[in-house]
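**Q** Got a predicted structure plus its sequence, pasted below:
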There are 4 protein chains.
Amino acid sequence: MRKNSKESIVEAAVFLFNTKGFSGTSIRDIAAKAGVNPANIAYYFQNKNGLLEYCFTAYFENYLKELEKGYALLDEGAEVSLKQTVVNLLKYQSQNIQLTRFILREMTLDSQMVREVMSTYHVKERYYFKKVLERGMRTKEFRNHSVPYIILQLKSLLNTPFLNIHYVNEVLHILPHESYFVEKYSREIFQWIDLVLSAPRSFDNRRVLSL
Amino acid sequence: MRKNSKESIVEAAVFLFNTKGFSGTSIRDIAAKAGVNPANIAYYFQNKNGLLEYCFTAYFENYLKELEKGYALLDEGAEVSLKQTVVNLLKYQSQNIQLTRFILREMTLDSQMVREVMSTYHVKERYYFKKVLERGMRTKEFRNHSVPYIILQLKSLLNTPFLNIHYVNEVLHILPHESYFVEKYSREIFQWIDLVLSAPRSFDNRRVLSL
Amino acid sequence: MRKNSKESIVEAAVFLFNTKGFSGTSIRDIAAKAGVNPANIAYYFQNKNGLLEYCFTAYFENYLKELEKGYALLDEGAEVSLKQTVVNLLKYQSQNIQLTRFILREMTLDSQMVREVMSTYHVKERYYFKKVLERGMRTKEFRNHSVPYIILQLKSLLNTPFLNIHYVNEVLHILPHESYFVEKYSREIFQWIDLVLSAPRSFDNRRVLSL
Amino acid sequence: MRKNSKESIVEAAVFLFNTKGFSGTSIRDIAAKAGVNPANIAYYFQNKNGLLEYCFTAYFENYLKELEKGYALLDEGAEVSLKQTVVNLLKYQSQNIQLTRFILREMTLDSQMVREVMSTYHVKERYYFKKVLERGMRTKEFRNHSVPYIILQLKSLLNTPFLNIHYVNEVLHILPHESYFVEKYSREIFQWIDLVLSAPRSFDNRRVLSL
DNA sequence: CATGAATGAGTATTCATTCAT
DNA sequence: AATGAATGAATACTCATTCAT
């Protein structure tokens, strides 16, 4: 009857997982919101966990694409590449704000499935960041610094607004889902790159696209 | 049989909420792990939500105490006060790493209870940070900056290692529960304060206690 | 794709009904094992019960044929007829060992369908046995005996090895699906006929075919 | 509220398993018939399979007791011991006719649980029968015979009336749950023992108790 | 003939909670 | 202070079946 059952299931699931968490969301809730029969979820995704894995995969495959786009610019300079990556990721997360929050939260659990699915993606992500940072240090664009600690800070800055969206909204009156947030917050991270990461010199943000 | 049922319930609950999430943990799991009868939990905490609220309250009351200790140093300078606060909070979170992760995660949900309980604490926290930052800007210790965006970055840096502890462990090989992490990571945040937040001048970390 | 969907469905169904029971087997199990679409089963057999009835009918029509073959020999003597029937039935059951076990088990349930389908066959079977036994008693081949109790014993001896095949295999190390079992076990039942059923005299097994 | 929830659950379960089979019976059916809450079944028996295991254990422990009682008479003669065992087992099965039918049927499935639970009991049972038969052959009470095939026939005769109770009722008009059946059918099996199993001589049934 | 999509009723099981003791 | 028994509602999931294509 419905044209796009699978799609509407995912849509409903993302919304509910985002607001109530994975465990806190029942398959019936999802089916009701999607306007489909609960059995249909098993039909398309095997079981509730299959739906979760589908979301994880969807999120991370696109996430890695954004990473790769920035990484492709590495020959134009580590700083340019990194800044472009920051913009890409902020944009991606801002445009998929519900999915992002849900994934970022679920990642903090100790479930075996999460570990398995994510180990791949995390290793890849770390590889990209490491390459960019090491290149920058080699070319003296960046000062020498502990790579893990830099990655930790960068990821902190990138993820927190999307994970704690409610806090950011209500307490700080910042709206991460609005388009100008990407622009504004990119500049904040650029400043962190310029001041904390880069070797002291004149900075060049002109090459960063789509800002 | 057990000397301190209540305490052992909380202990078990924090461990399980931390690893499996609040919704993912059943009262029987907790009771089994604590070695008490499930009905006992209702006896002490009314119901499952009461146990959650107890954890939130316990966490935030001590969290605010740490904030206040740093705030009390405001007259010795905004930078000193802020840096001391950073050390205190890192220490507190590192020493209560399971509770911290669980609370930080649960805070990202849209439950009404979470909103209610936390509005108070978040407002207070924001008040402290705002006071310190504004004082620093007034005294020219800090450059002028958007207060909300600075708070956002500061909180990002403070919380992320404890929330994403598994990622930080496995991927970055950083161990936030070990004592030297506080020391090392404090210096990273100090650097952020010095380079991003402070007006360009010579920095003074000598006054920060217990580092 | 498959050449003979219907046949492969029955084959799969018999195997699964045999090992897991009718209620314990799902239409999807059968379809999966047969390599066909579940909807196909409804196409051929109306519904799951139709498949069951098909199996029952197939089993009993051939079963009755074997009975009739033995009954046709009645004029050559009750003992010969009975012994031939024993051989025929043992052979038939041994060659359809999965179907046999499943049918014999399902017959022990109180389902209405089972009652209906089987009343016909049971009555016919009883008729044959009764005729043979009464003839034998009249001709003094058999001693006088309660017919129902003799039928009960005869059916016990005929069915049990095929119904409790696992027990018979594992505990007694007898293999009812191997061809020499028919030969060996026939002799056991012949002995029962000779000693328990027949009037004391010299026995003649020469006329029994295909042993 | 109810005085004997556990007992009434077992009672209802045995009745329903008997008529509809284990897989064909739902936990709700049982709970409804027993007048208890479905969750109570999980409370007492862990899950549906736990209830099944409970029934198996209950059946076989008492079954073995009857076997042992007969076995204890072995020094009075193999024939006496065997005949007493027959009476005991017929009595036990006749008095627990529903449980017996259900167990005998379920034993014919290939479930792993059934195999595990029963391997013990079957081995013990085989041990008793083997000892009795071998003793009888040694003392020339019984003629030489293949022990497994004798056990097979004996068990056929013992179990079939209780397993195929409906057939036995409707077609043969024999009522295995009535007390005189034990008496009558014992004599049939005695005759089998006397004529098929025993060496030709005069028989003595006087020593068999409670007949 | 055959299938993928879809469904409503049903499955066993788990849940937080209550309450008499 | 603590517990075993019990419950009703909810859980994820499976079922046989239907139907348009």
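**A** Cool, got the structure.
**Q** Relative to chain D, how far out is residue A:111?
**A** From residue A:111 across to chain D, the span is 24 Å (CB to the nearest CB, to the nearest Å). C-betas here are computed from N, CA, C, even on glycine.
**Q** What segments of chain A are helices?
**A** Taking DSSP state H to define them, one finds helices in chain A at A:5-20, A:27-34, A:38-45, A:48-71, A:78-95, A:97-106, A:112-138, A:147-163, A:165-170, A:179-192.
**Q** count of neighbours near the closest residue in space to residue A:151 that isn't next to it in sequence?
**A** Closest residue in space to residue A:151, ignoring its immediate chain neighbours: residue A:129 at 5.0 Å, by CB to CB, 6 or more residues apart in numbering or on different chains. By other CB atoms under 10 Å in any protein chain shown, 21 other residues sit near residue A:129.
**Q** so who does residue A:129 touch?
**A** Residue A:129 is in contact with A:147, A:150, A:151, A:154, counting by CB atoms under 8 Å, 6 or more residues apart in numbering or on different chains.
**Q** give me every residue that touches the spatially most central residue of chain A.
**A** By CA atoms, centre = their mean, chain A has its centre lying nearest to residue A:93, at 5.0 Å. Contact analysis of residue A:93 by CB under 8 Å, 6+ apart lists A:100, A:158, A:159, A:162.
**Q** which residues touch the first one?
**A** Spelled out, it's residue A:100. Counting by CB under 8 Å, 6+ apart, the residues that residue A:100 touches are A:59, A:92, A:93, A:162, A:163.
**Q** mind putting those residues in JSON lines, distance to residue B:111 and pLDDT included?
**A** Conversion of these to JSON lines gives the following (distance: CB to CB, whole Å; pLDDT from 0 to 100):
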{"residue": "A:59", "distance to residue B:111": "23", "pLDDT": "96"}
{"residue": "A:92", "distance to residue B:111": "27", "pLDDT": "97"}
{"residue": "A:93", "distance to residue B:111": "23", "pLDDT": "97"}
{"residue": "A:162", "distance to residue B:111": "19", "pLDDT": "97"}
{"residue": "A:163", "distance to residue B:111": "16", "pLDDT": "97"}
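**Q** So among the residues you listed, which ones count as buried?
**A** Buried members of these, scored by 16 or more other CB atoms under 10 Å in any protein chain shown, are A:59, A:92, A:93, A:162, A:163.
**Q** how about the residues of chain A near DNA strand E?
**A** Proximity of chain A to DNA strand E (CB under 7 Å from any atom of the strand) is limited to residues A:1, A:2, A:5, A:6, A:36, A:37, A:38, A:39, A:40, A:43, A:44.
**Q** related to what we said a few turns ago, tell me which two in the contacts of residue A:93 are the farthest apart.
**A** Maximum pairwise distance in the contacts of residue A:93, criterion CB to CB, is 10.3 Å, between A:100 and A:158.
**Q** and chain A, what are its domains?
**A** Chain A breaks down by automatic domain parsing into domains covering A:1-45, A:55-197.
**Q** And the last one, end to end?
**A** One end of domain A:55-197 to the other measures 33 Å (CA to CA, to the nearest Å).
**Q** For chain A, give me the ranges with low pLDDT.
**A** In the predicted model, chain A carries pLDDT under 70 at residues A:1-3, A:201-211.
**Q** can you rerun that using 80?
**A** Applying pLDDT under 80 to chain A flags residues A:1-3, A:199-211.
**Q** What parts of it come near chain C?
**A** Neighbours of chain C within chain A, by CB under 8 Å from any CB of the partner chain: none found.
**Q** Determine which two of the buried ones among the contacts of residue A:100 are furthest apart.
**A** A:92 and A:163 (14.5 Å).
**Q** so residue A:14 sits right up against residue A:101, yeah?
**A** No: under the criterion of CB atoms under 8 Å, residue A:14 is not in contact with residue A:101, lying 9.6 Å apart.
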